[in-house]
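Okay, sequence plus prediction incoming.
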Amino acid sequence: MTKEALRQHYKSLRASLDPLNVADQSIAIANQVLQLPIWEFTNYHIFLPIEHKVEVDTSYLLSVLQGKDKSIILSKSNFDTHTMQHILLQENTPIAVSKFGIPEPQKGIEVEASSIEVVFVPLLAFDKQGHRVGYGKGFYDRFLRQCGPNTRFVGLSFFAPENKIPSAPHDIALDYCVTPKNTYTF
């Protein structure tokens, strides 16, 4: 299947999930993440879910990170350059939903991508080799390339992996992907 066909298929699957199911599966994903060998780090990048795209609700994982006293970093997307600015989440960080439906920090302390140690990556689909399909704009591929060589990339998905997804040289593979029932290591 092409990446575009996979995008359409998984958008449709997500749209069929009811809100209670999304909450239950998001809690299960957060519980699975607790089993990963990633908790010795300090700087964690997390995405806030785009509600109309029925993304994994990361609020549960956010609570885990806060409970473990980790530094939490959020992104602000620039759709003109298809890049992201990374902002340290603090008690007074203003969050607003952009015109694209993305909850984002409005201002704050900027963090260099190279200092981020763990990135929780949104995705539509992934395969057994750790390749992922996102929304197709390349925001995360650009961002992940800027991270340090030892940064851990953790995908979060409601669904099991595909056997094989077409990949390109510029695609960045995941280190892990967590679903409600399983954790995949690549």
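Sure, I can see it.

would you say L6 is within a helix?
Yes. Under DSSP: H, G, I helix; E, B strand; the rest coil, L6 sits within a helix.

Could you measure from it over to G130?
Using CB to CB, to the nearest Å, L6 is found at 15 Å from G130. In short, each C-beta sits where N, CA and C put it, glycine included.

now swap in N182 and tell me
14 Å.

out of those two, which sits in the busier spot?
G130 (21 against 11; other CB atoms under 10 Å).

Could you pull up the contacting residues of the more buried one?
Contacts here follow CB atoms under 8 Å, 6 or more residues apart in numbering; on that basis G130 touches 155, 173-175, 177, 184, 186.

Need the max-distance pair from these.
Pairwise distances across the contacts of G130 (CB to CB) peak at 11.4 Å, for the pair A173 and Y184.

what about those two, which has more around it?
Y184 (19 against 15).

how far away is the more buried one from V133?
From Y184 across to V133, the span is 15 Å (CB to CB).

One more: P169?
16 Å.

likewise T183?
In terms of CB to CB, T183 sits 19 Å off from V133.

all strands of the chain, in order?
43-45, 71-78, 83-88, 95-97, 103-105, 118-122, 125-126, 132-133, 152-156, 176-178, 183-185 (DSSP state E).

ok, and the closest non-adjacent residue to C177?
Leaving aside its sequence neighbours, C177 sits nearest to G155 (CB to CB, 6 or more residues apart in numbering; 3.8 Å).

For the one you found, which residues count as its bridge partners?
In this structure, G155 bridges to V121, C177 when assessed by DSSP bridges.

ok, it touching I172?
No. Using CB atoms under 8 Å, G155 is not in contact with I172; the gap is 10.9 Å.

Looking only at neighbour counts, state which of those two leads.
G155 (27 against 19).

give the contact list for that one.
By CB under 8 Å, 6+ apart, G155 lies in contact with 120-123, 126, 130, 132, 174, 176-178.

Relative to A173, how far out is the residue most central in space within the chain?
Central residue of the chain (CA atoms, centre = their mean): V121, 2.3 Å from the mean position. According to CB to CB, V121 stands 10 Å off from A173.
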